[in-house]
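*Asks:* Following is a predicted model, sequence given first.
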Amino acid sequence: MSNPATEAPVEDAAPVQTHKVFKHKRHVNGKFVIGATMLSLIILFAIFGPMIAEFEPRDSDNPVLIPPDSTYWLGTTSLGYDMFSQLATGARTSLMVGAVAGLIAVVLSIMFGVVAGYVGGVTDELLTLAIGVMLVIPGLPLTIVISSLVPGRSGLLVAVILGITGWAGSAVVLRAQAQSLRNRDYVSASRIAGENPFRVIGVEILPNLLPLLTGQFLFGVILAILGEAGLSYLGLGPTGSISWGTILNEAQAGGALTRGAWWWFVPPGLMVALVGCSLALINFAVDEIINPKLRSAPLEARRLRKAKKAAKAEKKAAKAHKKTEVNA
Amino acid sequence: MRYVGRRLVIYAVTLWAAISLNFLLPRMLPGDPASIMIAKMSRNGDVTEAQLESIRRLFGNPDTSLWDQYLQYWQQLFKGDLGVSVSFYPTPVVELIGSALPWSIGLVGMATIISFTVGVGAGMFAGWKRGTWVDHIVPSTTLLQSLPYFWVAMVLIYFFAVQNQWFPIIGGYNVFMFGGPEWSWAFVGSVLYHAILPATTIVISSVGGWLLGMRNMMVSTMGEDYVTTAEAKGLKKRRIMTTYAARNAVLPSVAGFGVALGFVVGGFVVMETVFSYPGIGKLMITAVRGNDYALMQGVFLVITLTVLVAMFITDMIYGLIDPRARQNV
């Protein structure tokens, strides 16, 4: 919203000003709005979808492999499951696993990254080593190995596994940032004032890392949702529950590809992509807050180009004016 | 030199930790996984002596101490003995991995190189054209990145192998024409033909990351004083873009590329499964489905080792191309 108090004088001054005065507008980030709207819609779908679905997700009394129509909004599978109901129930599992895993990953990356960066010394060396080890060990294969060794897996367990294997990347980022914050004056001041390290980290460091943490959390959620989908596709996801990954697994096994049942395998993948996209858009907005260069540089370039264009137009106008004068 | 030495120590410890984790993981599980496993397998038929041996090897012989098992594990590792596969009995695990490796490295390696080249090139352009219409296209690349890559594979199969039968649905070569890998032009042609869809999958799902990273670095670099100086000197635009901005902006991408090469072997496990591509990923899934723990451990070890080696080499080269990295170890 623009403020009328600042707007009015600008309009008045417009004809004579040589230097453009920029209106103080509260900057609403378009990417954030789109991302947040998409995410809210998906979450609403996960909450209310299973309630408004007319059929149970595992109700196999329906006709088999029907394309989407007015009764079966997203068609049915080869076992007669209603796809809409499956997709909505799957949304709950997938989003839950993603959120929990993302949270675990962020907490672990704070425990390792921020502490290593802030404390320094031998603690830093040891924690960095631990981060390095987790960074090198490839996440998905490790998750596959762990999942295959655990016979009965709940959704929560899969989330924990994904969280434990997916924190190292953010820990590296957080460590670098914590290291640079450590030597700021206000942090030194509170340390000298005798605050204990936990309080310094909690009150002085973490709030300043908040935008970064948000970004890492969103990234962790995307990674976990993709990971869960991959695991479930391989048949190593949560046992007995429905998620977007298990739908893809059943679609592959049920020959959805060769039987042309696109409504069976397209929606779940698209949902994963939409969640990822919405989180990535929010992440973009957060990135632009952290790194003002990303925001200001394109703006500046645009401004420069506009100015050049205006100068050119002015020149042209002046020339045309001269010409008409001469002609006259 | 101090830089190299320090990194070497870190990598040596990481290597030790990774191998030890591989040893400990099956033994750390709660309950008595060995007997659960045997019970599970005997439900599906008789448990062979080979399978029992493989399980004992994995979860440890209850008669010996953990430390003795650990020493024995290292001994076997040094001899290059990763055990015998159960699902392909009696083929040694090393042999199976050896025959699957070239497929993964060839396919994913080539696709990664293509994706890197295209992504970084496009990212350079997008960064150069900052503040124009290109800015609005950049966020859409995140949609590409958010696509589950194995789902991209399924969609590609549906459109280009089932609906229009332009490409084969599965496999690494035509198994009806060739009994096994051989050196002939026809075979190479068949391999390339079978590699198109899997490679496209990889490029689609990874090109966005390269583009975005390069674009953001490019935008930051374009704001540096030396770029302004170059502009003030009146250098050609092309020269500023390539030798001044892009050359510096590409450094993090090069590091990322090194790491990505490390994930060539184990990064696209699920994609290989979708295409039944005869690489390491499919081998791993075969092992998981067949309760073939020796094979699984071996594959996991190879995947970890590749990442480790790739990261180490990247680290060393990065120290050479970016002297700043050497200073703040």
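*Replies:* Sure, I can see it.

*Asks:* so residue 309 is in which element?
*Replies:* Unless you meant another one, I'm taking chain A. For A:K309, the element it lies in under DSSP states H and E is helix A:292-327.

*Asks:* could you do chain B instead?
*Replies:* Going by DSSP H and E, B:V309 is in helix B:293-321.

*Asks:* For that helix, which helices and strands make contact with it?
*Replies:* When contacts are defined as 3 or more C-beta pairs under 8 Å, 6 or more residues apart in numbering or on different chains; DSSP states H and E, helix B:293-321 packs onto helix A:121-136, helix A:139-149, helix B:2-28, helix B:49-59, helix B:93-128, helix B:251-262, helix B:280-289, helix B:323-327. Yep, even glycine has a C-beta here, placed from its N, CA and C like the rest.

*Asks:* Let me see the contact set for B:L283.
*Replies:* B:96-97, B:100, B:295, B:299 (C-beta atoms under 8 Å, 6 or more residues apart in numbering or on different chains).

*Asks:* Show me which of the residues you listed is closest to B:A153.
*Replies:* B:A100 (18.4 Å; C-beta to C-beta).

*Asks:* isn't that closest one right next to B:I285, touching?
*Replies:* No - taking contacts as C-beta atoms under 8 Å, B:A100 lies outside contact range of B:I285: 11.5 Å.

*Asks:* confidence score at A:G269?
*Replies:* Reading off the confidence values, A:G269 has pLDDT 90.

*Asks:* number of nearby residues for it?
*Replies:* Per other C-beta atoms under 10 Å in any protein chain shown, the neighbour tally for A:G269 reads 25.

*Asks:* what residue ranges in the chain score low on pLDDT?
*Replies:* Just so you know, I chose chain A. In the predicted model of chain A, residues A:1-28, A:326-328 satisfy pLDDT under 70.

*Asks:* if you could check chain B rather than the one you did, that'd help
*Replies:* In chain B (pLDDT under 70), the answer is B:1, B:28-37, B:39-47, B:50, B:54-63, B:89, B:325-329.

*Asks:* what's the distance between the closest residue to chain A within it and B:G262?
*Replies:* Residue of chain B nearest chain A, by C-beta to the nearest C-beta: B:S146 (2.5 Å). Distance of B:S146 to B:G262, computed by C-beta to C-beta, to the nearest Å: 23 Å.

*Asks:* ok so, going back, quick one, which of the helices and strands packed on helix B:293-321 gets closest to A:K309.
*Replies:* Proximity to A:K309 (C-beta to C-beta) singles out helix B:93-128 among those, at 18.4 Å.

*Asks:* Provide a list of residues in contact with residue 249.
*Replies:* With no chain named, the answer covers chain A. Listed by C-beta under 8 Å, 6+ apart, the contact set of A:N249 reads A:232-235, A:237.

*Asks:* Switch to chain B, please.
*Replies:* If a contact means C-beta under 8 Å, 6+ apart, then B:A249 has B:124, B:127, B:214, B:217-218, B:220-221 as its contacts.

*Asks:* ok, which stretches of the stretch 151-300 of chain A are helices?
*Replies:* Counting by DSSP state H, counting those that start in this stretch, the segments of the stretch 151-300 of chain A that form helices are A:155-165, A:168-182, A:185-192, A:197-199, A:206-233, A:244-253, A:262-290, A:292-327.

*Asks:* Switch these over to TSV; also include distance to B:S190.
*Replies:* As requested, the helices of the stretch 151-300 of chain A are exported to TSV (distance: least, C-beta to C-beta, whole Å):
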stretch	distance to B:S190
helix A:155-165	37
helix A:168-182	38
helix A:185-192	63
helix A:197-199	63
helix A:206-233	27
helix A:244-253	24
helix A:262-290	27
helix A:292-327	46
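
*Asks:* right, and those - which one's nearest B:M154?
*Replies:* Set against B:M154 and scored by C-beta to C-beta, the helices of the stretch 151-300 of chain A come closest in helix A:262-290, at 5.5 Å.

*Asks:* pretty sure A:S109 is touching A:S170, no?
*Replies:* Yes - when contacts are counted by C-beta under 8 Å, A:S109 is listed as touching A:S170 (4.0 Å).

*Asks:* coming back round to it: just the buried ones from the contacts of B:L283?
*Replies:* Of the members of those, the ones counted as buried by neighbours, 16 or more other C-beta atoms under 10 Å in any protein chain shown, are B:96-97, B:100, B:295, B:299.

*Asks:* close to chain B, is the helix holding A:K309?
*Replies:* Yes - counting by C-beta under 8 Å from any C-beta of the partner chain, contacts between helix A:292-327 and chain B involve A:293-294, A:297-305.

*Asks:* A:L270: neighbour count?
*Replies:* Residues within reach of A:L270, counting by other C-beta under 10 Å, total 17.

*Asks:* Tell me how far it lies from chain B.
*Replies:* Here A:L270 is placed at a distance of 8 Å from chain B (C-beta to the nearest C-beta, to the nearest Å).

*Asks:* for A:M271, what are its contacts?
*Replies:* A:42, A:87, A:90-91, A:94, A:244.

*Asks:* Try it again at 10 Å.
*Replies:* Counting by C-beta atoms under 10 Å, 6 or more residues apart in numbering or on different chains, A:M271 touches A:42, A:45-46, A:87-88, A:90-91, A:94-95, A:225, A:229, A:244, A:247, B:148.

*Asks:* Near B:F176, how many other residues are there?
*Replies:* B:F176, neighbours per other C-beta under 10 Å, totals 7.

*Asks:* circling back: mind checking how far the helix holding A:K309 is from the chain centre?
*Replies:* Mean-position distance between helix A:292-327 and its chain equals 39 Å (C-alpha atoms, centre = their mean, to the nearest Å).

*Asks:* Now do it and helix B:93-128, the angle between them.
*Replies:* 30 degrees (axes from the mean of the first three to the mean of the last three C-alpha atoms, to 10 degrees).

*Asks:* Report the buried residues of helix A:292-327.
*Replies:* A:293-295, A:297-298, A:301.

*Asks:* With stretch B:242-252 instead?
*Replies:* Neighbour-count burial for stretch B:242-252 flags B:244-246, B:248-251 (criterion: 16+ other C-beta under 10 Å).

*Asks:* a markdown table for the residues you listed, including distance to B:E231 and secondary structure?
*Replies:* Below are the buried residues of stretch B:242-252 laid out as a markdown table (distance: C-beta to C-beta, whole Å; DSSP: H, G, I helix; E, B strand; the rest coil):
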| residue | distance to B:E231 | secondary structure |
| --- | --- | --- |
| B:Y244 | 9 | helix |
| B:A245 | 10 | helix |
| B:A246 | 15 | helix |
| B:N248 | 15 | helix |
| B:A249 | 16 | helix |
| B:V250 | 20 | coil |
| B:L251 | 21 | helix |
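
*Asks:* Determine which two of those are furthest apart.
*Replies:* B:Y244 and B:L251 (13.4 Å).

*Asks:* who touches both of those two?
*Replies:* Residues touching both B:Y244 and B:L251 (C-beta under 10 Å, 6+ apart): B:T221.

*Asks:* Return every residue with contacts to both of A:S109 and A:S170.
*Replies:* Residues within reach of A:S109 and of A:S170 at once, by C-beta under 10 Å, 6+ apart, are A:131, A:213, A:216-217, A:220.

*Asks:* Specify which member of those residues is nearest to B:R7.
*Replies:* Checking the shared contacts of A:S109 and A:S170 one by one against B:R7 (C-beta to C-beta), the nearest turns out to be A:I131, at 14.6 Å.

*Asks:* sorry, back to before: doesn't A:L218 make contact with the residue of chain B closest to chain A?
*Replies:* No - if you go by C-beta atoms under 10 Å, B:S146 and A:L218 don't touch, sitting 11.3 Å apart.

*Asks:* Spatially nearest residue to the residue positioned nearest the centre of chain A (excluding sequence neighbours)?
*Replies:* In chain A, the centroid-proximal residue (C-alpha atoms, centre = their mean) is A:L279; its distance is 2.5 Å. Counting by C-beta to C-beta, 6 or more residues apart in numbering or on different chains, the nearest residue to A:L279 once its immediate chain neighbours are dropped is A:L218, at 4.5 Å.
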